[in-house]
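In: This is a predicted model, with the sequence first.
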Amino acid sequence: LDWTLIDQVPHFTVGTDTQKRTFWTQLSAATLVLAEKDPLDLYNRCQQLIQEGETSSLNDKNGNLVFGPSPPLLQNWYIEEMVPQNNKLVGQTENGRTIWVQYHCIGRLEGDP
């Protein structure tokens, strides 16, 4: 389990330094061995491995961690329809912060109801 986690974490991590974020939910969903694990447990296990000093594989060549916390998830999102030409998607993060995202175009997958 640990080796799978260590091998996969860099593939689901973006950003640098304090802005490094790991998509733990997607990591869990995309990795068969980790599929039944809670994303928060995976993050905590990586932190535990670092504290125990059992692996240097979770550090890059400069000694920085190769993982970070999950990025904020956008919840309760909707397309702002009051001014359609603004092309805005609006939502809130878990901590209540409101986010506006401008989009160029939107569409649906063929099988999407």
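Out: That came through, no problem.
In: Going by C-alpha atoms from here, please, whenever you check contacts or count neighbours.
Out: Fine.
In: Show me the helices in this protein, by range?
Out: Here the chain has its helices, by DSSP state H, at 2-8, 24-30, 39-52.
In: which residues touch the residue nearest in space to the middle of the chain?
Out: Centroid check for the chain by CA atoms, centre = their mean gives Phe23 as the closest residue, at 2.3 Å. Residues in contact with Phe23 (CA atoms under 8 Å, 6 or more residues apart in numbering) are Phe12, Thr13, Ser70, Pro71.
In: now those residues as CSV including distance to Leu5?
Out: Below are those laid out as CSV (distance: CA to CA, whole Å):
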residue, distance to Leu5
Phe12, 11
Thr13, 12
Ser70, 15
Pro71, 18
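In: Surely Gln92 is in contact with Ile99?
Out: Yes - shown here, Gln92 and Ile99 form a contact pair, counting by CA atoms under 8 Å, at 5.8 Å.
In: And for Trp100, nearest residue in space, chain neighbours not counted?
Out: The spatially closest residue to Trp100, leaving aside those adjacent along the chain, is Val90, at 4.6 Å (CA to CA, 6 or more residues apart in numbering).
In: Alpha carbons only: can I get the lowest-mean-pLDDT helix or strand in the chain in PDB?
Out: For the chain, scoring each helix and strand by mean pLDDT, DSSP states H and E identifies strand 75-79 as the least confident one, at a mean of 85. This file holds the C-alpha atoms of strand 75-79, laid out as PDB (Å, rounded to 0.1, in the frame of the first residue of the first chain):
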ATOM      1  CA  GLN A  75     -19.400  23.400  -3.900                       C
ATOM      2  CA  ASN A  76     -22.800  24.700  -4.700                       C
ATOM      3  CA  TRP A  77     -21.700  26.000  -8.100                       C
ATOM      4  CA  TYR A  78     -23.900  27.400 -10.800                       C
ATOM      5  CA  ILE A  79     -23.700  29.300 -14.000                       C
END
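In: Indicate each strand paired with that strand and its parallel or antiparallel sense.
Out: strand 88-92 (antiparallel) (DSSP bridges).
In: for the strand it pairs with, what is the average pLDDT?
Out: If you average the pLDDT over strand 88-92, you get 89.
In: Great, nothing more from me.
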